[in-house]
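Novice: need the 3D shape of this:
(chains A and B)
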Amino acid sequence: MKIDCTIDGKTLTLSLNSDKPLSLILRENMGDDGAVNHCNGEMCGLCTVLVDGKAMLSCLVPAFEIRGKTVVTFDSFRKTRNMKDIEKAYEAAGRFPCSECYASRSLIFESLIEEGITDEEEILKELSIVRCPCMDPEDAISIVRKGIEIRRKRNVRRTQLA
Amino acid sequence: MAERKNFSRYSMRCGLLLHAKEGAQRISELNLPEMDSRYLVLTGGDLPGTNSIEFLGRTMPIIAKETITYPDQIILALFAPDYESAALMMRRIGVSTEPLEDGVDNTTLPDSLEYSWGEMDSNEDGRYTVKETDFSMTRLARHNRRLYTVTAWMDGAMMHIEAPSQWTELIRNTVERATGYPKRNISIHLSPFTAKHDEFLIDPAVLAAIAASAAIKTGMPCEIRSEGFFSRPAVNVHRRVLLDEESRPVYETAEMTVDQGAFAFAPEEYQRQAMTGLIPPYPLKGFRATVRITSSPFQPASFCGSLGYSEALASTEYHISRLAETAGTTPHLYRLAIEKEKRKFTDYIPGFELSGIKARTEDVAERSSYDRKWSANVFQREEFGLLGYIKGIGIASGAGISGFSTTLAKESGFSAMMTFTQKKNVTINTSAINHQGTMRIWKKRISDRLTPGRPEGVLFLDPGPDTLDSGPDVLSRLVSSFTLQMESAAKRLSVLKESEKLPVSLKFDAENASYPCEFENTGCGAVVCEIRIDRATMIPSVSGVWASFSFPTIMDRVPLENSLRRTIMMTLQENGMNIPLSFHISIDIKEEGTDDTIASVHQLARGLTLGALSNALSQAAGNRISSLPISAEELNTAFGEDR
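Specialist: Just a heads-up that it's a prediction; the model follows:
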């Protein structure tokens, strides 16, 4: 089937099987081997992407689900100002995810920061999709809170300038 | 590094692997469906060269030919225009196997490694109390749910390989053996990777050999995709100790058996590292230790972040805590009572001062209120019937070791070369250039001596035909011995550049081959782990971890602390522990201020966490639990037997 979608800012019309997982579309059709994993739905959490701003496991998203939607992978997200906020939050907390889950965790943090979620349980629930044991829960919560603070300050500055 | 050639995915072949379901089988029939010219099947007999990978003097087949030695062994590779076609065609391939009656024994194992001092006492007069302990770790073998790809393509006379790898020279050697393509014409392009269990040491070389063979046969770029796999060896340590009337150990024997699976990799080095961990820090009149490597029809063990030292160190720490129980005191106080100021000098580890380890142990015991909790848990154990949980707390402390052993350094001849050029730049010829962070540190340190204030003047040469083999990148080796060797070379070169005509080069060993012992001690630490087993669910959870480390020089504290935290968390999860939401690691790192660099941080942190965890489990569950990893089902069965 033909699917219209936007991947990393490019408007595309893809011709593929309707049930092909998004992770494989990104690896095989878009050539994004590095940042996106495909674990066949085993919940490794390393295939996270943003679909309309919400962090999702791309191996569980079939092709027909992305019709008309905007998909952002870490490859393009890393160049944005929002990623700078997350990097600042990592520095402020003194904790960094390991290189394996860096992309996935950063995208989940972005989703949480953008929605302004501060509730501990909700943060940990969202983050539990990444199974990598490199970060303890307390640190993850502190990164999200710091990120929200940094994002708010940036937004306030932008409003004042406007 | 040379850029990857940009070719279209429509003009390449995509490969998938067919793995064996069981080990110790014979392939009786292989049914291949009819395929057109766009498909290519590679079996063991189809590789143009030798169907084997050679690794530190040992060999293993790349593709199973007639016999399947272990589950998940590669039976064949199928290349198709795209992965979907390859997957569909793969379903139509039929493989019939029959069990091998005699089993398979493809691997040659080294003799047991033995080490001893003093005369052993037979205790015929019953003067001493005998205490025996067992420490076990069962085999862990699973996919790491991480897909990775290896691509091979030809460009004129050059064969290009793109792969994630911890040892680029192994890829070049394996491709040369498998394809007969001259090594000088093989160029390696590294793709980014993270290897928690050193799974990118051997597998990429195997896949590269298959992809290169397919590229030669099809004349097109070939990509092969596979899932990472790791297998932790099964370990058992049995100790027998004779205690005097004050419960001090006097004579001791330790026997360690390691099952490395179907093929033994670097078994001699494993024995040396394990022996170093087995030697106890307390004084003994007589000590005898044996490390034996065995094989079984299971997946060959990957290093899993340790080459034996962590497991052996954990077993020693477990043993000390059991001796403390016999003495009726806390392990922390027992250690202070039996250990001297200095450790005995042995062939494996020098006789260093124990004050650093004692200070770390004191620190961690105080922060965690270890002695109080340990005593409370002992009393509480009898009240289990009334409480909804049981608790345990364990402690472990020890020193880290540096990189590979002196013997391996002498045997392997891993080297690198540093040149001071006419343009006053420094070039380094090494195959070990896969960590950007490490390279930044190296550049800065070399630049301080040779090109002050100009780290950009230090250049690492792209991998090419003349690249020197600097060995595998495992066990944090590259930030330990290699850094010291590089600094020493820079120091010598700074003198030579003044007296000799430029350019001047210096070739040096990647490992220090002139240590007096097999290993040097670098850094030390102590870990306390507290666990809680829920009575209703029997799920073991970690309540807290307190860690204290001391390292000679800390170049960047934040990555070091993150790395230690990661290792501790990973070790706990790998061994079946549940991590609750409130979990936090309290960590303290001290800098000694000496010139040495940090070595094998992961090995030390892993060994201490394993030791502290097994001690905590032992206090919580008594002798019911005999091995790691642990699960709620095992605990339920173990406690059920008591009811």
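Novice: give me the low-pLDDT residue ranges for chain B?
Specialist: Within chain B, the ranges that satisfy pLDDT under 70 run B:1-9, B:103-107, B:304-305, B:381-388, B:433-435, B:474-480, B:513, B:594-599, B:641-643.
Novice: chain A too?
Specialist: For chain A, applying pLDDT under 70 flags the ranges A:32-35, A:162.
Novice: and it, split by domain according to the record?
Specialist: Residue ranges for the domains of chain A, per automatic domain parsing: A:2-73, A:81-161.
Novice: got a list of what the residue in the stretch 1-150 of chain B that chain A sits nearest to touches?
Specialist: Across the stretch 1-150 of chain B, the shortest distance to chain A (CB to the nearest CB) belongs to B:Arg145, at 3.9 Å. In short, each C-beta sits where N, CA and C put it, glycine included. Contacts for B:Arg145 (CB atoms under 8 Å, 6 or more residues apart in numbering or on different chains) come out as A:37, A:39, A:42, A:44, A:46, B:227-228.
Novice: what residues sit buried inside the helix or strand harbouring it?
Specialist: Using DSSP states H and E, B:Arg145 sits within strand B:140-155. Using 16 or more other CB atoms under 10 Å in any protein chain shown as the test for burial, strand B:140-155 gives B:140-141, B:143-154.
Novice: do stretch A:7-25 as well
Specialist: A:7-8, A:14, A:16, A:20-25.
Novice: would you map the strands across the stretch 301-450 of chain B?
Specialist: Counting by DSSP state E, counting those that start in this stretch, the stretch 301-450 of chain B has strands at residues B:389-401, B:415-420, B:426-429.
Novice: please identify the buried residues of the second one?
Specialist: By neighbour count with 16+ other CB under 10 Å, strand B:415-420 contains the buried residues B:415-420.
Novice: who are the contact partners of the residue nearest to B:Arg248 when sequence neighbours are not counted?
Specialist: Closest residue in space to B:Arg248, ignoring its immediate chain neighbours: B:Ile338 at 5.4 Å, by CB to CB, 6 or more residues apart in numbering or on different chains. Residues counted as contacts of B:Ile338 (CB under 8 Å, 6+ apart) are B:248-249, B:282-283.
Novice: so how far is chain B from the most centrally placed residue in chain A?
Specialist: Among the residues of chain A, the one closest to the centroid is A:Leu107, at 2.3 Å (CA atoms, centre = their mean). Using CB to the nearest CB, to the nearest Å, A:Leu107 is found at 17 Å from chain B.
Novice: so which helix or strand takes in that residue?
Specialist: Taking DSSP H and E as the definition, A:Leu107 sits inside helix A:102-115.
Novice: gap between that helix and the chain center?
Specialist: In terms of CA atoms, centre = their mean, to the nearest Å, the centre of helix A:102-115 is found 5 Å from the chain centre.
Novice: can you name the residues of chain B that neighbour chain A?
Specialist: B:9, B:82-84, B:145-147, B:149, B:191-192, B:194, B:196, B:558-559, B:561-562, B:565-566, B:569-570, B:572-573, B:579-585 (CB under 8 Å from any CB of the partner chain).
Novice: share the number of residues neighbouring B:Ser116, please.
Specialist: B:Ser116: 12 surrounding residues under other CB atoms under 10 Å in any protein chain shown.
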